[in-house]
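[1] Sequence first, predicted coordinates after that:
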Amino acid sequence: MNPANDDLRAVLERGRGARVLVVGDLMLDEYVWGSVERVSPEAPVQVLDWVSHHDGLGGAANVAQNLVALGCEVWLAGVVGDDDKGARLRQILIEQGAHVDDVLTDPLRPTTTKLRVMAGSQQILRIDRELRHRLSDELQQALIERIATRLPQVDGVICSDYAKGVLTREVLSATRRNAQTHGRQVLADPKGSDYTRYIGFDIVTPNRKELEAAAGIGAATDDEIVHAGTKVLNEIRGQALLVTRGKDGMTLLRSERPPVHIPTAAREVFDVTGAGDTVIAAFAMALFHGSDMEAAAQLANRAAGLAVAKLGAAPVGFRELALDLEGGPHYEGTKILPHADLVRAVSRARGQGKRVVFTNGCFDILHVGHIELLRKSRALGDLLVVGINSDESVRRLKGEKRPLIGQNERAHVLAALDSVDLVAVFGEDTPLALIDALHPDVLVKGGDYSLDEVVGREQVEAWGGRVELVPIVEGFSTTDLVRRILERHGPS
């Protein structure tokens, strides 16, 4: 790790555990995956053959899931509809560890939902269900009171504005006043061209297009960014503006300080959805726990570089960012995925017409038998997903002295293999829940199993998949390796 990365790793460590209140527009992101191979005889439109469906978080909810993934304690204040989508959004947030006690229900509006229809990796249609009218006076006052009550318990506030009617002038103004009363910083991810709504906010984080709209002038070059940003910063009378600029990185503007232009950290841009949410989450986390603005912006830039390499509004986790700063292999976040991201990746692959293969095991000490199993498994399809038992699961199955290698190390060793496309750790004794979530086309086990012993066989065959038993390489097992090591190197 170079010295700059050492410094950012310290910023990341310091920020962990920050207590953050996120106020704003909560959204449910839905994805329908499929393949397009024909045109409808009813009209000149493509026909999508449905493959799978996935729910995710958007708007302020995505800011919250990024903060949770970075190790923060997060409270959400916002509004959802009295409908199934609102209940689903709450459920996902709770499962991820966010507090939703301050999320109110409005029976007069639907939960904001964005349905994206995906043919492979290509988005072919987006359907939005939302009402943008302002909250009723009664609901607005109830939200203000919830925010005021929560503020003493947190280190800072993020207002995530998507112009859906929740962050009214009254809510924004009351949040700012109450935050300042308690000595808390308040940040805004803005929307629209009228930034008088954010007067007195400590920091505002527009993207380049949003800055142009707010300033009323172009902002393509460094000098234009500084000119437009300074105009807006003077208007809102804030401490700073952090402008995200896509491929050109970001610019930090502060009153009476020289501008800081930070080049992009992205290695590969796949999808910019939700990148702004990742930026404000990482920036605020560092800022709320004592880091200076420039260091916090540098950390946010590194997090954004990881976010745009993912599909959809997927969060960047603490360990993933830490590994990136250490300069190690970038398997976490790309090959080693949490379950929600894994389901999304597999759905995308299936939508592209790829055959998905799944196998699992402890893989405690990787040996030639494992290598052959994985190589032959990969040859049975286009995408190989490997599930590995967590450390606790291995102990339950094989005794307290196992595993010899921890789950993180086992996952990274597997991810380094060309034959392995994706890796997931599961905590149950069997991979059945993971198999149900992924719907693999082919389920593979070693030839030392019989078909009747294969967990998930009935499920896979029920949806039209098949089970394959791969012959094992005789004389190779973790138990044999441990025995040989003890015989040769144990006490004489």
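    Now that the structure is in, tell me what you want to look at.
[2] Checking the residue most central in space within the chain next. Helix, strand or coil?
    Closest residue to the average C-alpha location of the chain: residue 315 at 1.7 Å, with CA atoms, centre = their mean. In the three-state summary, residue 315 is assigned as coil, counting by DSSP: H, G, I helix; E, B strand; the rest coil.
[3] and if you look at the one 5 residues further on?
    With three-state DSSP as the basis, residue 320 sits in helix.
[4] hang on, it packs against residue 306?
    Yes - at 6.2 Å, residue 320 counts as touching residue 306 under the criterion of CB atoms under 8 Å. Bear in mind the C-beta positions are built from the backbone N, C-alpha and C, glycine included.
[5] Can you get me a residue count around residue 58?
    24 (other CB atoms under 10 Å).
[6] before we move on, back to that, tell me the spatial nearest neighbour of the residue nearest to the centre of the chain, not counting adjacent residues.
    residue 69 (4.0 Å; CB to CB, 6 or more residues apart in numbering).
[7] wait, that neighbour sits on residue 321?
    No - judged on CB under 8 Å, residue 69 makes no contact with residue 321 at a distance of 9.0 Å.
[8] Give the residue spans of the stretch 201-350 of the chain that score low on pLDDT.
    Across the stretch 201-350 of the chain, residues meeting the criterion (pLDDT under 70) sit at 266-274, 309-313, 328-330, 332-333.
[9] ditto for the stretch 51-200 of the chain
    Low-confidence segments of the stretch 51-200 of the chain, defined by pLDDT under 70, span residues 120-121.
[10] got the residue ranges for the helices in it?
    60-69, 84-96, 137-150, 169-181 (DSSP state H, counting those that start in this stretch).
[11] related to what we said a few turns ago, can you give me every residue that contacts the residue nearest to residue 315?
    96, 315, 316, 317, 318 (CB atoms under 8 Å, 6 or more residues apart in numbering).
[12] burial count for the third one?
    Under the neighbour criterion other CB under 10 Å, residue 316 is assigned a count of 28.
[13] what residues are up against it?
    66, 69, 70, 278, 282, 303, 306, 307, 333.
[14] show me what contacts residue 447?
    So residue 447 contacts 469, 470, 471, 472 (CB under 8 Å, 6+ apart).
[15] Next, it: phi, psi?
    phi -70, psi -10 (degrees, to the nearest 10).
[16] Likewise for the one 3 residues further on?
    Note on residue 450: its backbone torsions stand at phi -100, psi 160 [degrees, to the nearest 10].
[17] Excluding covalently adjacent residues, which one is nearest to it?
    residue 469 (8.0 Å).
[18] if we look at the sheet, which residues does that neighbour bridge to?
    Judged by DSSP bridges, the bridge partners of residue 469 are residue 445.
[19] what residues are up against it?
    Counting by CB under 8 Å, 6+ apart, residue 469 touches 444, 445, 446, 447, 449, 450, 451, 454.
[20] Out of those, which two are the most distant from each other?
    Using CB to CB, the pair of those lying farthest apart is 444 and 450, separated by 14.2 Å.
[21] Of the two, which one has the most company?
    residue 444 (24 against 9).
[22] any idea how far the more buried one is from residue 353?
    20 Å (CB to CB, to the nearest Å).
[23] hang on, isn't residue 427 packed against residue 390?
    Yes - Residue 427 sits in contact with residue 390 when judged by CB under 8 Å, with a separation of 4.4 Å.
[24] So which of those two has more stuff around it?
    For residue 427 versus residue 390, the count of surrounding residues by other CB under 10 Å is larger for residue 390: 18 against 12.
[25] I figured residue 366 hits residue 413, correct?
    Yes - contact status for residue 366 versus residue 413: in contact at 5.5 Å, counting by CB under 8 Å.
[26] Name the residues of stretch 43-50 that are buried.
    Within stretch 43-50, the residues scored as buried using 16 or more other CB atoms under 10 Å are residue 48.
[27] Can you tell me the element residue 380 falls in?
    Using DSSP states H and E, residue 380 falls within no helix or strand.
[28] Just give me the neighbour total for it.
    Per other CB under 10 Å, the neighbour tally for residue 380 reads 17.
[29] can you check residue 487 too?
    Counted with other CB under 10 Å, residue 487 comes out at 8.
[30] To which secondary structure element type does it belong?
    helix.
[31] Show me the helices in the stretch 301-450 of the chain, by range?
    318-326, 339-351, 368-378, 391-398, 407-415, 432-438.
[32] Turn the ones you listed into CSV, including distance to residue 26 and mean neighbour count.
    Formatted as CSV, the helices of the stretch 301-450 of the chain follow (distance: least, CB to CB, whole Å; neighbours: other CB atoms under 10 Å):
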stretch, distance to residue 26, mean neighbour count
helix 318-326, 23, 20
helix 339-351, 17, 22
helix 368-378, 40, 19
helix 391-398, 33, 16
helix 407-415, 32, 19
helix 432-438, 24, 18
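[33] and the chain, what are its domains?
    3-316, 339-489 (automatic domain parsing).
[34] Of the ones you listed, flag the one that's most buried.
    Across those, averaging neighbours per residue (mean count of other CB atoms under 10 Å) puts domain 3-316 on top, at a mean of 20.
[35] Can you get me the centre-to-centre distance for it and its chain?
    Between the centre of domain 3-316 and the centre of its chain there are 12 Å (CA atoms, centre = their mean, to the nearest Å).
[36] Disregarding residues adjacent in the polypeptide, which is nearest to residue 80?
    residue 86 (3.4 Å).
[37] measure residue 238 to residue 404 for me?
    54 Å.
[38] Tell me who's in contact with residue 374.
    Counted by CB under 8 Å, 6+ apart, residue 374 has contacts 359, 384, 386, 414, 417, 419, 420.
[39] can you list those residues in TSV and add pLDDT?
    Supplementary listing: the contacts of residue 374 in TSV, determined by pLDDT from 0 to 100:
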residue	pLDDT
359	97
384	96
386	97
414	95
417	94
419	95
420	95
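[40] what's the farthest-apart pair in those residues?
    Greatest spatial distance among the contacts of residue 374 (CB to CB): 359 and 417, at 12.3 Å.
[41] Surely residue 33 is in a strand?
    Yes - counting by three-state DSSP, residue 33 is found in a strand.
[42] quick one: contacts for it?
    Contacts of residue 33 by CB under 8 Å, 6+ apart are 50, 51, 52, 53, 54, 118, 347, 348, 350, 351.
[43] For those, give me TSV that also has distance to residue 34.
    Converted to TSV, those look like this (distance: CB to CB, whole Å):
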residue	distance to residue 34
50	5
51	5
52	8
53	10
54	12
118	7
347	9
348	11
350	9
351	6
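[44] now, which of those sits nearest residue 147?
    After measuring the contacts of residue 33 against residue 147 - CB to CB - the closest member comes out as residue 54, at 31.2 Å.
[45] nearest residue to the closest one other than its sequence neighbours?
    Distances taken as CB to CB, 6+ apart put residue 31 closest to residue 54, at 4.5 Å, once the chain neighbours are dropped.
[46] residues contacting that neighbour?
    By CB under 8 Å, 6+ apart, the neighbours of residue 31 are 53, 54, 55, 56, 115, 116, 118, 312, 344, 347.
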